[in-house]
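A.B. asks: Kindly generate the corresponding structure for this input.
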Amino acid sequence: MKVFTDLHHDALYTSLHLLFEKRLGWELYRPIGASWFDMGYWKIAAPYGNAPGTIIQYLGINNKPWDSSKNLNGNYVLEDSVYHVYNPDQKCHHKAVTLETFQDMEFDIIIASIPSHIAPYRKLIESFQPKAKMIYQVGNDWGWMGTPPAKNVMASAIIPAVPADVHFISYHQEFDLEVFHKGTPHRHKRIFSLLHLVGNQPDWKLLLELEKEMPGYEFKFFGVSCRDGVITGTENVAQKMREAMWIAHLKAEGDGFGHTIHNAFAVGRPLIVKESYYRGKLAEPLLVDGLTCVNLDGRSAREARDAIKAIVAEGRYEGMVHACRERFDRHVDFDEEEKRLRVFLDNLR
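C.D. replies: Predicted structure coming up:
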């Protein structure tokens with residue numbers, strides 16, 4: 001079975017690679033080459049004014065070193081018109097094809113993972129892949145906009161009011177649990193955030209106030225345009241999480257899926273969070289104030305400080321570490337979800 005999908009979010013693409021190539025033994029392909037953009041089948045750069053740098057980052061064919069923010073196609077080998085692009089972060093090869101090669105191949109499934117690719121991918125099927133089934137992969141609640149966008153929807157997000165005629169499955173995006181393994185409890189006084197552009201969040205001032213209230217703790221803010229720089233590489237992200245005592249994740253818009261939250265729970269690190277941001281979201285069942293997180297809803301920085309210090313002083317922190325991983329294992333089972341996904345994929349419309 002051959003599957004074609006876009007690449008707009010590396011962790012999402014990795015989850016699809018783990019599903020289709022590692023678990024199912026199928027072949028997963030993604031676009032490469034400017035023709036995808038030129039012919040109107042690639043829309044990822046549209047929100048950025050179709051900036052040439054963004055187009056090159058995702059579609060450029062060159063020999064420059066791989067760079068997640070500038071060049072996703074370095075280190076490739078071309079075999080039978082297929083570009084095998086090595087991703088050093090995930091330590092695997094992506095299969096990538098130009099539009100011209102895509103037209104000469106026969107695909108079984110085509111997956112759009114952003115709303116703006118639904119119409120272009122329908123056109124791809126009508127023009128070149130009449131036997132292919134289309135799936136809309138939903139990582140955020142984009143909304144139905146009055147009508148279902150596709151007959152088949154696989155959602156790693158809570159989607160309310162799914163139309164009855166949509167072939168639907170809800171699941172979690174898989175990540176490597178050998179990389180995100182549980183860390184041992186420790187009391188190194190470190191509070192880390194791994195949220196991009198954290199300074200643009202409405203709770204940034206609250207975080208800075210909390211830092212002032214806790215002079216004995218080391219606060220680090222990692223991510224794009226963050227105070228302490230970007231952490232690159234999945235293994236480095238996982239290790240940095242295990243080095244922390246707490247993960248601060250105050251994302252006002254919440255997450256459809258939420259890799260940071262699920263990753264943190266997998267390694268056994270309690271969160272400093274606002275539960276209200278995750279009501280009705282996929283991560284909501286993980287968050288229990290005092291058991292797996294400290295909920296800052298309605299709390300000042302000083303009250304948050306007192307709650308965190310009380311947990312440590314009363315010897316409850318170690319139990320929270322174990323509770324985080326236990327709660328992750330209770331709500332996320334990639335092996336069981338594989339069984340349900342097989343049934344879903346066997347019955348595409």
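
A.B. asks: how about the helices in the stretch 1-150 of the chain?
C.D. replies: 10-17, 35-38, 52-59, 99-104, 118-128 (DSSP state H, counting those that start in this stretch).

A.B. asks: How about residues contacting the longest one?
C.D. replies: With C-beta atoms under 8 Å, 6 or more residues apart in numbering as the test, helix 118-128 has contacts from 40-43, 102-103, 110-112, 132, 134, 136, 149-150. (C-beta placed from N, C-alpha, C; glycine too.)

A.B. asks: Kindly present those as CSV, with separate columns for neighbour count and distance to residue 345.
C.D. replies: Converted to CSV, the contacts of helix 118-128 look like this (neighbours: other C-beta atoms under 10 Å; distance: C-beta to C-beta, whole Å):
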residue, neighbour count, distance to residue 345
40, 10, 28
41, 19, 23
42, 24, 25
43, 20, 25
102, 22, 21
103, 13, 24
110, 23, 13
111, 22, 11
112, 24, 16
132, 20, 13
134, 20, 13
136, 23, 14
149, 18, 18
150, 20, 14
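
A.B. asks: ok, back up a step: mean neighbour count, the helices of the stretch 1-150 of the chain: which tops it?
C.D. replies: Neighbour counts (mean count of other C-beta atoms under 10 Å) averaged over each of those peak at helix 10-17, with a mean of 20.

A.B. asks: And the contacts of that helix?
C.D. replies: Identification of contacts with helix 10-17 by C-beta under 8 Å, 6+ apart yields 3, 5, 7, 28, 30, 68, 87, 89-90, 92, 94, 111, 113, 137, 139, 156, 173-175, 234, 259.

A.B. asks: just checking, next helix/strand downstream of the helix ranked longest in the chain?
C.D. replies: Counting residues, the longest helix found in the chain (DSSP state H) is helix 317-331. Next helix or strand after helix 317-331 toward the C-terminus (DSSP states H and E): helix 334-346.

A.B. asks: got the buried residues for that following helix?
C.D. replies: 334, 337, 341, 344-345 (16 or more other C-beta atoms under 10 Å).

A.B. asks: so how far is that helix from its chain's centroid?
C.D. replies: Mean-position distance between helix 334-346 and its chain equals 19 Å (C-alpha atoms, centre = their mean, to the nearest Å).

A.B. asks: any residues touching the longest helix of the chain, and which ones?
C.D. replies: 182-183, 185, 187, 245, 262, 264-270, 285-286, 288, 291-292, 311.

A.B. asks: Please identify which pair of the contacts of helix 118-128 lies farthest apart.
C.D. replies: 103 and 149 (24.0 Å; C-beta to C-beta).
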